[in-house]
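In: Fold the following and give me the result.
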Amino acid sequence: MTNDFTFSITTTRFDEDYSPSGGSRITTNFANLARGEHRQQNLRNALTMIDRRFNDLAHWDNPDGDRYTVELEIVSAELQLSPEGDDRSFPLLEMLDVRIVDLKTGERIPGIVGNNFSSYVRDFDFSVLLPAVNEGATGFTVPDDFGDLHGKLFQHFLASAAYRERFPAPPVICISVSTSRTYRQTANHHPILGVEYEQDKPSLTDDYFARMGLTVRYFMPPGSVAPLAFYSRDDLLNHYSSLQLIGTVSTMETFQKIYRPEIYNANSAAAGVYRPSLDRQDYSRTQIAYDRVERSQLAAKQGKYTEEHFVKPHRKLLQQWAAGYPAPVG
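Out: Next up, the predicted model:
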């Protein structure tokens with residue numbers, strides 16, 4: 001029996017000509033933007049928003065606000081399970097890699113990999129497994145091992161030669177704050193990430209990412225209206241350069257303005273005590289089409305796909321492998 005898994009990585013340029021490949025996870029947020037009648041305009045507008053936000057934050061030695069542009073690549077990781085069989089490989093996850101171009105000097109500066117994160121296995125966990133566990137239940141139940149396999153696969157990927165040969169540091173994943181939690185502003189302030197918030201208690205997503213070896217901190221960058229959740233392994237505030245942090249903030253804040261305008265494109269900033277809500281009407285819409293309902297429906301479909309092509313055919317192998325894998329780090 002194979003007691004280890006290997007990985008392969010492919011990258012795809014994310015620009016105004018991007019079109020999702022047949023194997024891409026179509027609930028990935030950036031892939032959703034690249035579908036439909038207005039796909040190219042969607043992409044062009046999103047990339048323009050990222051560049052403008054980057055230059056707004058990187059304002060030193062940048063009097064005209066146009067010194068930098070951001071280049072993005074989609075990083076797709078495929079898991080190799082066995083040397084033969086119809087389901088011998090499976091698309092594990094997708095992330096974004098950032099590169100910053102200094103148009104004044106011509107320098108190309110590596111950013112932070114991670115940013116947006118998507119996973120077929122996570123679709124299965126949240127859209128298939130969790131609803132099945134709670135069907136007919138009197139109260140909401142989360143299995144004790146919820147996210148265990150996903151977390152171990154993710155950490156195994158970070159430890160793999162495929163990842164380490166391409167990326168010098170672990171990823172930083174940046175997502176929206178939870179609408180089920182309350183956040184309180186602290187006295188801690190970072191020049192790029194802004195004011196730090198603390199959550200009243202961990203969310204299900206926090207626990208899920210913890211199994212991936214990632215811890216969370218919440219910051220509202222200068223000029224932002226709501227905090228973002230940053231999941232990382234390394235010291236978020238001291239391990240990365242200012243430009244690297246700006247690359248992540250400008251990219252993910254732009255996406256969140258598109259995906260959750262009620263929170264990230266609100267007309268007033270978060271107060272000292274903040275409870276995010278998607279029901280608020282005091283916000284501005286971007287000129288970018290995004291179908292949140294369709295994305296939710298696709299997550300369920302792709303969760304079922306994962307069940308049929310990954311979980312069921314390899315259940316015994318996956319259980320044995322996970323049982324022998326070290327406990328999560330961090």
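In: what secondary structure does residue 197 sit in?
Out: For residue 197, the secondary-structure state derived from DSSP: H, G, I helix; E, B strand; the rest coil is strand.
In: so what's it bridging to?
Out: residue 185, residue 218 (DSSP bridges).
In: roughly how far apart are it and residue 203?
Out: Here the distance between residue 197 and residue 203 works out to 13 Å (Cβ to Cβ, to the nearest Å). Every C-beta, even on glycine, is put in place using the N, C-alpha and C of the backbone.
In: Helix or strand, whichever it is, which one in this structure has the lowest mean pLDDT?
Out: helix 29-33 (a mean of 61; mean pLDDT, DSSP states H and E).
In: any idea which helix or strand comes after that helix?
Out: With elements assigned by DSSP states H and E, the helix or strand that comes after helix 29-33 is helix 39-57.
In: Walking through the chain, point out its strands one by one.
Out: Applying DSSP state E to the chain gives strands spanning 6-14, 68-80, 89-102, 108-119, 172-176, 183-190, 194-199, 215-220, 228-232, 273-274.
In: Partner strands of the second one and their direction?
Out: Going back to what we said before, that points to strand 68-80. Here strand 68-80 is paired, per DSSP bridges, with strand 6-14 (antiparallel), strand 89-102 (antiparallel).
In: what angle sits between the shortest one and strand 108-119?
Out: Note on geometry: by axes from the mean of the first three to the mean of the last three Cα atoms, to 10 degrees, strand 6-14 and strand 108-119 are set 110 degrees apart in direction.
In: so who does the residue lying closest to residue 45 once chain neighbours are set aside touch?
Out: Beyond its immediate neighbours in the sequence, the residue positioned closest to residue 45 (Cβ to Cβ, 6 or more residues apart in numbering) is residue 288, lying 5.2 Å away. The neighbours of residue 288, taking Cβ atoms under 8 Å, 6 or more residues apart in numbering as the test, are 33, 42, 45, 46, 258.
In: if we go to 10 Å?
Out: Contacts for residue 288 (Cβ atoms under 10 Å, 6 or more residues apart in numbering) come out as 33, 38, 41-46, 49, 254-255, 257-259, 261.
In: Select only the buried ones of those in PyMOL?
Out: Here is the PyMOL command that picks out the buried ones among the contacts of residue 288, judged by 16 or more other Cβ atoms under 10 Å:
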select buried, resi 33+42+43+45+46+49+254+255+257+258+259+261
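In: so which two of the contacts of residue 288 are the farthest from each other?
Out: 44 and 261 (18.5 Å; Cβ to Cβ).
In: so can I have a markdown table of the strands of the chain showing mean pLDDT and distance to residue 299?
Out: Formatted as a markdown table, the entries for these read as follows, by pLDDT from 0 to 100; distance: least, Cβ to Cβ, whole Å:
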| stretch | mean pLDDT | distance to residue 299 |
| --- | --- | --- |
| strand 6-14 | 93 | 20 |
| strand 68-80 | 95 | 18 |
| strand 89-102 | 94 | 14 |
| strand 108-119 | 95 | 10 |
| strand 172-176 | 97 | 15 |
| strand 183-190 | 98 | 25 |
| strand 194-199 | 97 | 24 |
| strand 215-220 | 98 | 22 |
| strand 228-232 | 98 | 19 |
| strand 273-274 | 98 | 27 |
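In: would you list these in CSV and tack on distance to residue 314 and mean neighbour count?
Out: Shown next, in CSV, are the strands of the chain (distance: least, Cβ to Cβ, whole Å; neighbours: other Cβ atoms under 10 Å):
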stretch, distance to residue 314, mean neighbour count
strand 6-14, 15, 15
strand 68-80, 10, 19
strand 89-102, 8, 21
strand 108-119, 16, 21
strand 172-176, 26, 23
strand 183-190, 39, 15
strand 194-199, 35, 19
strand 215-220, 30, 20
strand 228-232, 27, 24
strand 273-274, 42, 16
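In: need those strands in a markdown table with distance to residue 129, can you?
Out: What follows is the strands of the chain, written out as a markdown table (distance: least, Cβ to Cβ, whole Å):
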| stretch | distance to residue 129 |
| --- | --- |
| strand 6-14 | 23 |
| strand 68-80 | 18 |
| strand 89-102 | 16 |
| strand 108-119 | 13 |
| strand 172-176 | 20 |
| strand 183-190 | 28 |
| strand 194-199 | 25 |
| strand 215-220 | 22 |
| strand 228-232 | 21 |
| strand 273-274 | 31 |
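In: can you count the residues close to residue 237?
Out: When neighbours are counted by other Cβ atoms under 10 Å, residue 237 registers 17.
In: phi, psi of it?
Out: In this entry, residue 237 is assigned phi and psi values of phi -80, psi -20 (degrees, to the nearest 10).
In: residue contacts, it?
Out: Residue 237 makes contacts with 188, 190, 191, 192, 193, 196, 217, 219, 230, 245, as judged by Cβ under 10 Å, 6+ apart.
In: what's the burial count for the nearest residue to the fourth one once chain neighbours are set aside?
Out: Using Cβ to Cβ, 6+ apart and skipping the chain neighbours, the partner closest in space to residue 192 is residue 245 (4.5 Å). Using other Cβ under 10 Å, residue 245 has 24 other residues around it.
In: same question, residue 128
Out: With neighbours defined by other Cβ under 10 Å, the count for residue 128 comes to 20.
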